[in-house]
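Enquirer: Got a predicted structure here, sequence first:
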Amino acid sequence: MSNSKPVLSSSLGRKLIMSLTGIFLCTFLIVHLIGNLQLFKNDEGYAFNNYAYLMTHFTPIKVVSYLLYASIIIHAVYALVLTLKNKAARPVSYAQHDGKANSKWNSRNMGILGTVLLVFIATHMQNFWWKYHNDQVPYIEYQTDLSTGITTSKVLEASEFTDYQSTTDQGVETIKARDLYKQVDFAFENPFLVGLYVLAMAALSFHLIHGFQSAFQTIGFSHKKYVPIIKFIGVWGFGVIIPIGFALMPLYFYFIK
């Protein structure tokens, strides 16, 4: 009988799981950023609130969201396990080895960056996901004249709202929805929350610059033909564009909206 460890419980297996969940989370970030760009539209939240409804009620997306939650948990747990295993394997630092001279700051502090991101995720979910799913956000009604394309809106009282509705009568489309856009606007009036979001996006940038390249290296994309492409996407796509895109949202609502 073999005494070898199962692949998934080995150090390499844990790194592989972290890499796969990390790449999945990176894919989600792209989709989430594209959807959240609706926040910049000057339409009283019409596009964003319809996007929020689609993301929480379209069955395939709901299935993917459960995979997302599982990936976040698995990624965080395996990161903690790997960190503890590595420390246990090397309880005393090598006397003649200067880690700082041989690795970048973000690669040495992935645990700290990940902790900042976990705090951010918990805060983000509490402010938006939880309140949206538990009717703790305002309600709004949109009426669109289909002949002119002009949309007007009005705030609804809780007694006037039962669930999302979209109806058309005599050339007028009426939509009643939970107003997550207004909740975003309200949340980002808080300068401490805005500061947390900007800090978290800085942490996300450093985390992804190292993590994106490391993930592809772990799954075998280490050929010199692919490394420069992966590095370019990791640095400029996930290390710059995506974090800045997300950071601009709270700054926009706090300083401009």
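Expert: Cool, got the structure. Residues are numbered from 1 along each chain as shown.
Enquirer: where does the residue nearest the centre of the chain sit relative to residue 165, distance-wise?
Expert: Taking C-alpha atoms, centre = their mean as the criterion, residue 29 is the residue nearest the geometric centre of the chain, at 5.1 Å. According to C-beta to C-beta, to the nearest Å, residue 29 and residue 165 sit 31 Å apart. Quick note: C-beta positions are derived from backbone N, CA and C, even for glycine.
Enquirer: would the residue nearest to the centre of the chain count as being in a strand?
Expert: No - assignment of residue 29 by DSSP: H, G, I helix; E, B strand; the rest coil gives helix, placing it outside any strand.
Enquirer: ok, now which ones touch it?
Expert: When the contact criterion is C-beta atoms under 8 Å, 6 or more residues apart in numbering, the partners of residue 29 are 238, 242.
Enquirer: Could you rerun that using 10 Å?
Expert: Shown in contact with residue 29 (C-beta atoms under 10 Å, 6 or more residues apart in numbering): 204, 208, 237-238, 242-243, 245-246.
Enquirer: any idea which of the residues you listed is closest to residue 15?
Expert: residue 208 (16.6 Å; C-beta to C-beta).
Enquirer: Make sure the closest one is actually in contact with residue 230.
Expert: No - contact criterion C-beta atoms under 10 Å: residue 208 and residue 230 do not qualify, at 12.0 Å.
Enquirer: Name the residue in the two with the higher neighbour count.
Expert: residue 208 (26 against 17; other C-beta atoms under 10 Å).
Enquirer: Neighbours of the residue nearest to the more buried one when sequence neighbours are not counted, how many?
Expert: Leaving aside its chain neighbours, residue 208 sits nearest to residue 238 (4.0 Å; criterion: C-beta to C-beta, 6 or more residues apart in numbering). By the criterion of other C-beta under 10 Å, residue 238 has 21 neighbours.
Enquirer: list the buried ones in the helix or strand where residue 112 lies?
Expert: Per DSSP states H and E: residue 112 is located in helix 110-124. By 16 or more other C-beta atoms under 10 Å, the buried positions in helix 110-124 come out as 110, 113-114, 116-117, 120, 124.
Enquirer: can I get these in JSON lines with distance to residue 21?
Expert: Output for these, formatted as JSON lines (distance: C-beta to C-beta, whole Å):
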{"residue": "110", "distance to residue 21": "14"}
{"residue": "113", "distance to residue 21": "16"}
{"residue": "114", "distance to residue 21": "12"}
{"residue": "116", "distance to residue 21": "18"}
{"residue": "117", "distance to residue 21": "13"}
{"residue": "120", "distance to residue 21": "18"}
{"residue": "124", "distance to residue 21": "18"}
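Enquirer: what's the closest of the residues you listed to residue 185?
Expert: residue 124 (15.4 Å).
Enquirer: contacting residues for the closest one?
Expert: Residues near residue 124 by C-beta under 10 Å, 6+ apart: 117, 130, 187, 193, 196-197, 200.
Enquirer: mind running it again at 8 Å?
Expert: Residue 124 touches nothing, counting by C-beta under 8 Å, 6+ apart.
Enquirer: Give me the pLDDT for it.
Expert: Residue 124 carries a pLDDT value of 97.
Enquirer: Make 7 the starting number, not 1.
Expert: OK, 7 is where the count begins now, so the last one is residue 130.
Enquirer: From residue 210, how far out is it?
Expert: The gap separating residue 130 from residue 210 is 12 Å, by C-beta to C-beta.
Enquirer: Any regions of the protein where pLDDT drops low?
Expert: 7-15, 96-109 (pLDDT under 70).
Enquirer: Now do the helix ranked longest in the chain: which elements does it pack against?
Expert: Looking across the chain with DSSP state H, the single longest helix is helix 65-95. Under the contact criterion of 3 or more C-beta pairs under 8 Å, 6 or more residues apart in numbering; DSSP states H and E, helix 65-95 touches helix 17-42, helix 52-63, helix 116-130.
Enquirer: how about a cut-off of 6 Å?
Expert: Applying 3 or more C-beta pairs under 6 Å, 6 or more residues apart in numbering; DSSP states H and E, one finds that helix 65-95 makes contact with helix 17-42.
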